[in-house]
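J.: Fold the following, please.
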Amino acid sequence: MMDSMEMISIYENVATITDQMLSAARSGDWDLLSKLEFDCSSQVQTLRVQEVELELSPDLKNKKIQIIKKILADDKEIRNLTESWMAQLANIMRSSESNRKLSRTYGSS
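T.: Here you go, the predicted structure:
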């Protein structure tokens, strides 16, 4: 069973990873982002499995709330960055598919 300090430590780990994910997304390092996303998922799964309803002191409760707010803010910005990248990728793929169709229909010049 997880105690309150172990739980806070895992939340801090998740916050650190999401901060690194945000940096990776900002720099367009999609491979690193993917790896970090896996690491983050692993930490979150640990919380799901081991976290129990603990009675937290007011200080720890506030700390947990602040950590979660940071994680959510980072996640929102990561989604904004990745959605933009995904839209660009979709446009490239549509353009590439259109070029292939034109090439099949009219042949290469």
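
J.: Could you report the pLDDT at the residue nearest to the spatial centre of the chain?
T.: Note on the chain: the residue nearest the mean C-alpha position is E37, at 5.2 Å, using Cα atoms, centre = their mean. On pLDDT, E37 comes in at 94.

J.: which residue packs closest to it, ignoring adjacent ones?
T.: Nearest non-adjacent residue to E37, counting by Cβ to Cβ, 6 or more residues apart in numbering: M21, 6.4 Å away. For every residue, glycine as well, the C-beta is placed using N, CA and C.

J.: Can you give the distance of the helix of greatest length in the chain from its chain's centre?
T.: Determined from DSSP state H, the single longest helix within the chain is helix 58-106. The chain centre lies 9 Å from the centre of helix 58-106; the measure is Cα atoms, centre = their mean, to the nearest Å.

J.: Renumber starting at 168 from here on
T.: Got it, first residue is 168 now, which makes that one helix 225-273.

J.: name the helices or strands packed onto it?
T.: helix 171-194, helix 197-217 (3 or more Cβ pairs under 8 Å, 6 or more residues apart in numbering; DSSP states H and E).
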